[in-house]
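Engineer: Predicted model and sequence follow; I will ask about them next.
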Amino acid sequence: MHPDLEKVLFSEEEILACVDRMGRQLSADYDGKNPLFICVLKGAVLFMADLVKRVTIPLEMDFMATSSYGAASKSSGVVRILKDLERPVEGRHVVIVEDIIDTGLTLAYLKEVLLHRRAASVKVAALFDKPEGRKMEIEADYRGFVVPNEFIVGYGLDYAERYRNLPYVGVLKPEVYER
Ligand SMILES: O=P(O)(O)OC[C@H]1O[C@H](OP(=O)(O)OP(=O)(O)O)[C@H](O)[C@@H]1O
Ligand code: HPA
Ligand SMILES: [Mg+2]
């Protein structure tokens, strides 16, 4: 375990088993719809890569980058689009691929933007859900794990851009972000 972590919540094996289940469910639900999977950079990049390998139907991918946490462990409350999609979403069945739903601000904002651009449908696949962090009423359509109200890192999730490359997910020692 990385020395900055207090504990590991989910091992690489547990994460991949869960991603596998989500991939199979999405394959069944989106058969014949040629869905557009939108990866929310940067946090969702590992989840996206593992998920699409487990989806057995044709799909397309696009990428959007948002930021609300910066180098902090609390949401700034303002979601910014740092990089937009390459292609229009009008008429497309969109699956937003997110690593975590915490306050819900990022997702609420993204859903609004995509529906405004006339996507045919917008659903959300989130690997982690922190229901106690919520400030907006919004839920994932496909959810991996429920996590406690603690700041977690690994498998794409960062603190100040670090720890994204850990293959597992754990809770950061508070002294690391209180430094
Ligand atoms: O529900 P919320 O409170 O909005 O938090 C969830 C969002 O925050 C994180 O992204 P961040 O803004 O840190 O950018 P990053 O993915 O590049 O780390 C995470 O990857 C989600 O996209
Ligand atoms: O717990 C978290 N960890 C990392 N990034 C995050 N973005 C929202 N919540 C979190
Ligand atoms: Mg972040």
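Structural biologist: That came in fine, so what should we check first? Ligands and ions are numbered 1, 2, ... in the order given.

Engineer: can we go C-alpha only for contacts and neighbour counts from here?
Structural biologist: Will do.

Engineer: Can you list the buried residues in the helix ranked longest in the chain?
Structural biologist: Criterion DSSP state H: the longest helix present in the chain is helix 12-29. Within helix 12-29, the residues that count as buried by 16 or more other Cα atoms under 10 Å are 15, 16, 18, 19, 20, 22, 23, 26, 27.

Engineer: Then stretch 28-48?
Structural biologist: 30, 35-48.

Engineer: what about residue 81, distance to residue 66?
Structural biologist: Residue 81 is 5 Å from residue 66, where distance means Cα to Cα, to the nearest Å.

Engineer: Residue 130 too?
Structural biologist: Residue 130 is 19 Å from residue 66, by Cα to Cα.

Engineer: now residue 155
Structural biologist: Applying Cα to Cα to residue 155 and residue 66 gives a distance of 17 Å.

Engineer: Same question for residue 171.
Structural biologist: For residue 171, the distance to residue 66 - Cα to Cα - is 23 Å.

Engineer: one step back: so which of the buried residues of stretch 28-48 are in helices?
Structural biologist: 45, 46, 47, 48.

Engineer: May I ask which helix or strand encompasses residue 113?
Structural biologist: helix 105-116 (DSSP states H and E).

Engineer: and that helix with ligand 2, contact?
Structural biologist: No: Helix 105-116 stays clear of ligand 2 (Cα under 6 Å from any ligand atom), getting no nearer than 9.1 Å.

Engineer: Buried residues, that helix. List them.
Structural biologist: Buried-residue list, helix 105-116, by 16+ other Cα under 10 Å: 105, 106, 107, 108, 110, 111, 114, 115.

Engineer: Against which helices or strands is whichever helix or strand comes after that helix packed?
Structural biologist: Per DSSP H and E, the first helix or strand lying C-terminal to helix 105-116 is strand 121-129. Other elements packing on strand 121-129 under the criterion 3 or more Cα pairs under 8 Å, 6 or more residues apart in numbering; DSSP states H and E are strand 93-101, helix 105-116, strand 142-146.

Engineer: which other residues reach the last one?
Structural biologist: For strand 142-146, the external contacting residues (Cα atoms under 8 Å, 6 or more residues apart in numbering) are 18, 19, 22, 124, 125, 126, 127, 128, 129, 130, 131.

Engineer: What mean pLDDT does that strand get?
Structural biologist: The average pLDDT for strand 142-146 rounds to 98.

Engineer: strand partners of it, parallel vs antiparallel please.
Structural biologist: strand 121-129 (parallel) (DSSP bridges).
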